[in-house]
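Peer 1: Sequence and computational prediction follow.
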Amino acid sequence: MNLLQKVIDVPTDTVLWGPSDYLNWVKDNLQGLAVPTGAALTILLGLLVIPWIRRSKLSTIGRSLTMPAVLAWEAQGLHQLATATGAKGVVAWIFACVTSGILLTLAAFADEHYAKHGTLGWPGRLVWVVALPMGIAVAFTGHSTAEALLRIILPLLAALVWWIKYAPIITLDDATGEGTAKRKGSWRWTPRRIGVELGLVDPTDADLSVVHAERQKRVIVTAGLGTWHGSRLLRWWHVRRLRSSSKKATPEVIAAAVAQVTLTASVKELMNPNTTEERLRELGRRAIARRDAIMAGLLVDGGTEFAADTDTRQQTLVDDERATGTDRGVDTSAVPVPVTQLPAVDHTPLPVQPVPDAARPVPMDRYQAVTGTGSRGDRTGTEQRYPTAVPVVDDARLGPLLDDRRQPSTPVVPHTLRSGTGVRATAVSVPVPAEEAQIDDSQEPLKTGKARALAYWRAERAAGRTPSGADLAREAGVSVDSGAGRQWRRAWLNEEGIDPVSGQPAMAGATAEVQ
């Protein structure tokens, strides 16, 4: 009591004191009361905090201490900024605490959003949006460059400490016991994904031998496709690379590469939306059968014995390509074929169903003039041409133009005749006889449908149009794309001796007259 009497002036008679007397006494002894009051508050705070620390995680403790400290330091910087603008007292401190309060409010909203939806949502993004400008604004109150940079970085670090709690959750897989991270999204381009794209990183956990075999297969497939379907200027390079890579590969790798090339060659027709389901299933069965046959042959003799007869090898590959619809007329004599007892593969062409309404164009001289009314403007009396009768083509009169084997014509989109007024007349389709529709001549596409192609050519030329190669080939019953159609058209014109300009035979006796 004597020590306290020396530090604090303790009155002896306080019975008659009022509230003002107690307040005056506290003001007079404020300096002496600071030490005991601070000690008491420290003890009380320790009694409250120690149990919380003991039952909390270290990460939670660090997060709870660092974030208030960072926000308090940023508030001090904003207080200096408010004081510099002329604000004083309570107004300056309110201004200092505004941004910290906004940041804490957004963090609370983000926590609620995470509890409901599993993501931080837009409140979580706004935390970063507020933290960065807050640090930049406070940086202007710094007395040095280092302090300015520190004031910019600290709010971002505080936001990072807050976000760590909501980082991707690690869950244990029941089957393997390994941890996997649940993510709502991922970066499209990362160093690892760029390495996979460039072929520097393998995306699987395969060992060295498997990776080497896969690389050999890719090289053989790329070189093989480049040999037959690539640029002619680089064909020598692909052939050289194909031989070099095949020399180092095992029979299993070569078999897998050949199977991959077979499927790649068939994928175009498999992706055609106009191909029937039965045709797709048949193509798939034949591709799988060919793959199994090649793999079985290569594994039997070790891939060392190959056919010596070039004609036999070429005919085998041509038959396979025609059976799968991938024939493009390329020279396949340089591709070796195993000479082992391969399982039998059915290369019989698919049966062709009769086409009752196959389109056959009508020559212009078989049309009659009919006066009609236009559909646009005030043009009337426009002459429209409609067929007077369906022409019947006599096969006997076409003698040299017909081959012994004929392929049924496929349905063709009706061609329209322009009248100049918007009214168009559609040519009448001529049905193909059923006995002709049952004949298949798909083995010789260049020699089929000459009569139909010639009739279509003359009808189009009489109408003032020049038919394309794809249209001619389609009219002849040959299924080719536009590029191969142009080649078919050139070969057909050369063989028939037809002048592309006049549409008439360039040499006497080259073609038969079709009426």
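Peer 2: Sure, I can see it.
Peer 1: CA only for contacts and neighbour counts going forward, please
Peer 2: Fine.
Peer 1: Please determine how far I53 is located from G46.
Peer 2: Summarising the geometry, the distance separating I53 from G46, computed by Cα to Cα, to the nearest Å, is 10 Å.
Peer 1: from what I can see A110 touches K116, true?
Peer 2: No - using Cα atoms under 8 Å as the test, A110 is too far from K116 to be in contact (10.0 Å).
Peer 1: More neighbours: these two, which one.
Peer 2: With neighbours defined as other Cα atoms under 10 Å, A110 and K116 compare such that A110 has more, 23 against 10.
Peer 1: what about that one, helix or strand, and which?
Peer 2: In this structure, A110 is located in helix 89-117 according to DSSP states H and E.
Peer 1: so after that helix, what's the next helix or strand?
Peer 2: In the C-terminal direction, the helix or strand that comes right after helix 89-117 (DSSP H and E) is helix 121-139.
Peer 1: Packing partners of the helix or strand following that following helix?
Peer 2: Once helix 121-139 ends, the next helix or strand along the chain (criterion: DSSP H and E) is helix 145-163. Secondary structure elements in contact with helix 145-163, counted by 3 or more Cα pairs under 8 Å, 6 or more residues apart in numbering; DSSP states H and E, are helix 58-84, helix 121-139.
Peer 1: now helix 145-163 against helix 89-117, angle please.
Peer 2: In this structure, helix 145-163 runs at an angle of 40 degrees to helix 89-117, with axes from the mean of the first three to the mean of the last three Cα atoms, to 10 degrees as the basis.
Peer 1: quick revisit: the helices and strands packed on helix 145-163: lowest mean pLDDT?
Peer 2: Mean pLDDT values for the helices and strands packed on helix 145-163 show the minimum at helix 58-84, a mean of 80.
Peer 1: quick one: buried residues of that one?
Peer 2: Residues of helix 58-84 classed as buried under the neighbour-count rule (16 or more other Cα atoms under 10 Å) are 63, 67, 70-71, 74-83.
Peer 1: Including distance to W163, could those go into JSON lines?
Peer 2: JSON lines is the format used below for these (distance: Cα to Cα, whole Å):
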{"residue": "R63", "distance to W163": "10"}
{"residue": "M67", "distance to W163": "11"}
{"residue": "V70", "distance to W163": "15"}
{"residue": "L71", "distance to W163": "15"}
{"residue": "E74", "distance to W163": "19"}
{"residue": "A75", "distance to W163": "21"}
{"residue": "Q76", "distance to W163": "24"}
{"residue": "G77", "distance to W163": "24"}
{"residue": "L78", "distance to W163": "24"}
{"residue": "H79", "distance to W163": "27"}
{"residue": "Q80", "distance to W163": "28"}
{"residue": "L81", "distance to W163": "28"}
{"residue": "A82", "distance to W163": "29"}
{"residue": "T83", "distance to W163": "32"}
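Peer 1: From those, pick the one nearest A158.
Peer 2: Set against A158, the nearest of these by Cα to Cα is M67 (5.5 Å).
Peer 1: Surely that closest one touches L156?
Peer 2: No - using Cα under 8 Å as the test, M67 is too far from L156 to be in contact (10.7 Å).
Peer 1: And the average pLDDT for stretch 266-285 is what?
Peer 2: 73.
Peer 1: mind exporting that stretch as PDB, just the C-alpha atoms?
Peer 2: As requested, C-alpha coordinates have been extracted for stretch 266-285 and formatted as PDB (Å, rounded to 0.1, in the frame of the first residue of the first chain):
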ATOM      1  CA  SER A 266     -11.600 -44.900 -93.800                       C
ATOM      2  CA  VAL A 267     -12.500 -42.100 -91.400                       C
ATOM      3  CA  LYS A 268     -13.600 -39.700 -94.200                       C
ATOM      4  CA  GLU A 269     -16.400 -42.000 -95.400                       C
ATOM      5  CA  LEU A 270     -17.200 -42.900 -91.800                       C
ATOM      6  CA  MET A 271     -17.800 -39.200 -91.000                       C
ATOM      7  CA  ASN A 272     -20.000 -38.700 -94.100                       C
ATOM      8  CA  PRO A 273     -23.600 -38.000 -92.700                       C
ATOM      9  CA  ASN A 274     -25.100 -39.400 -95.900                       C
ATOM     10  CA  THR A 275     -23.500 -42.800 -95.400                       C
ATOM     11  CA  THR A 276     -26.000 -45.400 -94.200                       C
ATOM     12  CA  GLU A 277     -25.700 -47.100 -90.900                       C
ATOM     13  CA  GLU A 278     -25.300 -50.500 -92.600                       C
ATOM     14  CA  ARG A 279     -22.400 -49.100 -94.700                       C
ATOM     15  CA  LEU A 280     -20.800 -47.700 -91.600                       C
ATOM     16  CA  ARG A 281     -21.000 -51.000 -89.800                       C
ATOM     17  CA  GLU A 282     -19.600 -52.800 -92.900                       C
ATOM     18  CA  LEU A 283     -16.700 -50.400 -93.200                       C
ATOM     19  CA  GLY A 284     -15.900 -50.800 -89.500                       C
ATOM     20  CA  ARG A 285     -16.000 -54.600 -89.700                       C
END
